[in-house]
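Undergrad: The sequence and its predicted three-dimensional model are supplied below.
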Amino acid sequence: MARWDAGAPERLRTAALDLFAEHGYDAVTVTQIAERAGLTRRTFHRYFSDKREILFAGSERLPPAVAEAVLTAARGLPPLQAALSALREVGAEVSETVTDSGQRRALIESSSELAERERSKLAEVTTALQSALEQRGAAPAEAHFAARVASLVSEEAFGRWTRGEDPFYKCFDGAEAALHAVLTTANN
């Protein structure tokens, strides 16, 4: 077997998801994942630091992508709209490449360790949003609040999307409409 197998990350990911589905996340070891993929534990660690990273690989690219989308959003947009626009754009891109979102969501919800990692990932995105909004000229308090609200809308959209309700952009539009409905009701 070649030292650097180009297909190894996907084989490891497939093996892990299969094993997680069969035995639960907590009961599966890195050695079992590597063996199922026909690779060694050492090969596993060339691609992933631990078994959590099977589910979160690539997530480190989200905060910079979201920040860039905020910074390139139309100039006249108020902070909340710039943040929502950025999250809709990046979320749509992510949704085009993810094929097992429902299975991933179920695994994360089944493990407190994974749920905590997911919350950390979402916090990093929110921080990136806030920083980018401040770079656009928003006051820190306004940027903080807009980033948090936009993150909640995005989280709701991803939840709807992973349940298979609609394509991501429709789920995002529905979550944003729900926010506006709540705000409209609160003003009456």
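TA: Now that the structure is in, tell me what you want to look at. Numbers count the residues shown, from 1 in each chain.

Undergrad: Nearest residue to the middle of the chain?
TA: Ser59 (6.3 Å; CA atoms, centre = their mean).

Undergrad: Just the local confidence number for the nearest residue to that residue once chain neighbours are set aside, please.
TA: Once flanking residues are discounted, Ser59 sits nearest to Lys121: 4.9 Å by CB to CB, 6 or more residues apart in numbering. In this view, the C-beta of every residue, glycine as well, is placed from N, C-alpha and C. Predicted confidence (pLDDT) for Lys121: 91.

Undergrad: Now for Lys121, how many residues are close by?
TA: Around Lys121 there are 16 other residues, counting by other CB atoms under 10 Å.

Undergrad: So it, which state does it fall into?
TA: helix (DSSP: H, G, I helix; E, B strand; the rest coil).

Undergrad: That one contacts Val66, correct?
TA: No. With contact defined as CB atoms under 8 Å, Lys121 does not reach Val66; the gap is 11.4 Å.

Undergrad: Thought Phe48 was touching Ala8, still the case?
TA: No. Counting by CB under 8 Å, Ala8 stays clear of Phe48, with 10.0 Å between them.

Undergrad: Okay, now the unreliable bits of the chain?
TA: For the chain, applying pLDDT under 70 flags the ranges 1-5, 165, 186-188.

Undergrad: Which stretches in it count as helices?
TA: 8-23, 30-37, 41-47, 53-56, 62-71, 79-97, 101-110, 112-135, 140-162, 168-187 (DSSP state H).

Undergrad: hang on, isn't Val90 packed against Thr72?
TA: No. Val90 is beyond contact range of Thr72, at 11.3 Å (criterion: CB under 8 Å).

Undergrad: So which of the two has more stuff around it?
TA: Taking neighbours as other CB under 10 Å, Val90 and Thr72 compare with Val90 leading, 21 against 13.
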